[in-house]
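Peer 1: Turn this into a model:
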Amino acid sequence: MVTVALMLCAGMLCNAQNKEASGGLPDSPTPGARSIEGLNYLGGDAAMPLFSDSMIDVDSGFRRALFHKGVAFRLITGLRYTQNVLHAPVPADEQVYVGQRAFENMFEQPILSLDLRQLHLRHAQLYMGGAWNWVSWNPAGPKTLQLWALYFYKEIGNDRVEIKAGYIANNMNFVGLFVGGSTAAGSQGVYAVLPYEAGMSYFPMTAPSFNVRIRGPENTYFKAAAQRSFDPKGGVAEVARNHSGFRFIPHGDKLVLIHEGGYQREAGTKAHDTWFRGGLIYNTTAYRNKATGQMESGNYCGYALMDYQLFKSSTEHPKQGIYAGGSFMAVPERMNAYSRYYELRLYKKAPVRSRPGDLLSAVASRTSYSRIFTDNYVSEGKTVWRAGTTVTGSYSMHVSRGNYLTLGLSYVAGPAITPRVPNALNVLANWSAYF
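Peer 2: Reported below is the predicted structural model:
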């Protein structure tokens, strides 16, 4: 009810998008000496909208009073809806994929950040956040109210080195899963689950982690993390053992090492936006080997992704234009139900000249299901799909200051491993508001 009220207020309190609102999708903010954007989310693969793109005016007395103390507060709220329109909903105890019955997801995410200038630390930040996440189908959740972020961030050597230490959701720091690079305008209908199978932390949950990023010559970079693993059984089991998110090392959860290297060049007057990255997630936690039935360590996820700006549509805003990208990920079949992931994407930033904050995307993906897992199901007399293929089109609209609406349509062949249910055509809607 609170979320719905906020959505209604959004339409009444905010003006329609204008040319001053945004020159395109939000860039990762640079921590200035006295800029409020130095208190925004820093050092990640994905950027949150600028504070100037919030429902609470950046020049309001509330924002100014907090910033005078080196503090910024932000609240993010969101709604998500998915529904298969090809077939009637199944009974609740027969549901096996998102959208087979009407699926709703609501979340609230309060965030508090401090710039630590009282401690005479420049380009440093203490970042804290919680998360309430509710889903109508718990396997797609989890349902939780817990810590999401509590870490120290520091930039060293004029942005050459960045470190984060504390409780971190690493899905915003590695791999680069957000199409278009923004948390507000990411793609719909695509869920590359493989890095999470290997134990990488993700919203709305968190895990202790130490992250470092080093910017090398000629737009190259290397980054790494030492993170406590998530529960090998998934997010629902993780929350069941760690309700608050504060538990440092639940029994059996060990170390995840993440290594990523890449080349990232921002668009300029003569340069096209380019981002290549590849990495390895290695987990020392014991997983069950489905082939032998024994517990063993060594689960991993290898990945390589590429995004390139094909054409520019604005000389004034060089990041606007048409982009193409691709992804490949792999994990061991003996430990994971989803074994390979392939993706091709085509997207346009600012598809309409008068709407610079919009994003249009088309994404095709294929997820191979583990042969070991599916053979076991067949031996038990169950029907299976061997792979799932998805084609998704979506349009993300910057409706007004701090308000984003994404609408999409996704065709899914092989929507669940077992049983072999019919293909689906899911209608997708996602609303997010930034205060």
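
Peer 1: Against which helices or strands is the helix or strand where residue 389 lies packed?
Peer 2: Here residue 389 is covered by strand 387-400, with elements defined by DSSP states H and E. Using 3 or more CB pairs under 8 Å, 6 or more residues apart in numbering; DSSP states H and E as the contact criterion, the secondary-structure elements in contact with strand 387-400 are helix 2-13, strand 359-369, strand 403-413. Yep, even glycine has a C-beta here, placed from its N, CA and C like the rest.

Peer 1: mind checking pLDDT for residue 188?
Peer 2: According to the predicted model, the pLDDT of residue 188 comes to 55.

Peer 1: for residue 46, same thing?
Peer 2: Per-residue confidence at residue 46 stands at 88 (pLDDT).

Peer 1: before we move on, what about residue 117?
Peer 2: With respect to pLDDT, residue 117 has a value of 82.

Peer 1: Contact partners for it?
Peer 2: Going by CB atoms under 8 Å, 6 or more residues apart in numbering, residue 117 touches residue 70.

Peer 1: Can you give me the separation between it and residue 138?
Peer 2: According to CB to CB, to the nearest Å, residue 117 stands 43 Å off from residue 138.

Peer 1: cool, and residue 279?
Peer 2: From residue 279 to residue 138 the distance is 30 Å (CB to CB).

Peer 1: Looking at the two, which one has more neighbours?
Peer 2: When neighbours are counted by other CB atoms under 10 Å, residue 279 and residue 138 differ, and residue 279 comes out ahead with 22 against 12.

Peer 1: quick one: contacts for that one?
Peer 2: Remark: with contacts taken as CB under 8 Å, 6+ apart, residue 279 is in contact with 174-175, 258-261, 302-303.

Peer 1: where exactly do the helices run in the stretch 251-400 of the chain?
Peer 2: Counting by DSSP state H, counting those that start in this stretch, one finds helices in the stretch 251-400 of the chain at the ranges 371-379.

Peer 1: ok, residue 70 touching residue 118?
Peer 2: Yes: between residue 70 and residue 118 there is a contact under CB atoms under 8 Å: 6.3 Å.

Peer 1: who's more crowded, the two?
Peer 2: For residue 70 versus residue 118, the count of surrounding residues by other CB under 10 Å is larger for residue 70: 18 against 9.

Peer 1: Local confidence estimate at the more buried one?
Peer 2: For residue 70, the model assigns a pLDDT of 93.

Peer 1: pretty sure residue 145 is touching residue 132, no?
Peer 2: Yes: here residue 145 reaches residue 132: they are 4.7 Å apart, a contact under CB under 8 Å.

Peer 1: more crowded one of the two?
Peer 2: More neighbours sit around residue 132 than around the other of residue 145 and residue 132, counting by other CB under 10 Å; the figures are 18 against 15.

Peer 1: My reading is that the more buried one is in a helix; is that accurate?
Peer 2: No: under the criterion used here (DSSP: H, G, I helix; E, B strand; the rest coil), residue 132 is strand, not part of a helix.

Peer 1: For residue 106, see how far away it is.
Peer 2: Note on residue 132: its distance to residue 106, by CB to CB, is 8 Å.

Peer 1: Could you do residue 218 as well?
Peer 2: 44 Å.

Peer 1: and the two? which has more neighbours close in?
Peer 2: Regarding residue 218 and residue 106, a neighbour count based on other CB under 10 Å identifies residue 106 as having more, with 17 against 6.

Peer 1: Give the buried residues for stretch 203-212.
Peer 2: Neighbour counts using 16 or more other CB atoms under 10 Å place 203-209, 211-212 of stretch 203-212 among the buried residues.

Peer 1: Just the endpoints, please. Distance across that stretch?
Peer 2: In terms of CA to CA, to the nearest Å, the two terminal residues of stretch 203-212 are separated by 20 Å.

Peer 1: same question, stretch 215-225
Peer 2: 15 Å.

Peer 1: Can you give me the buried ones in that stretch?
Peer 2: Taking 16+ other CB under 10 Å as the basis for neighbour counts, the residues of stretch 215-225 that come out buried are 215, 221, 223-225.

Peer 1: what sits up against it?
Peer 2: When contacts are taken as CB under 8 Å, 6+ apart, the neighbours of stretch 215-225 outside the stretch itself are 159-161, 168, 170, 173-174, 209-214, 256-265, 274.

Peer 1: Off-centre distance for that stretch?
Peer 2: Centre-to-centre, stretch 215-225 and its host chain are 21 Å apart (CA atoms, centre = their mean, to the nearest Å).

Peer 1: okay, and the helix or strand of this structure with the least pLDDT?
Peer 2: Of all regular secondary-structure elements in the chain, judged by mean pLDDT, DSSP states H and E, the least confident is helix 2-13 with a mean of 37.

Peer 1: Packing partners of the helix or strand just after it?
Peer 2: Sequence order places helix 61-68 as the next helix or strand after helix 2-13, per DSSP H and E. Packed against helix 61-68, as judged by 3+ CB pairs under 8 Å, 6+ apart, are the following elements: strand 71-84.
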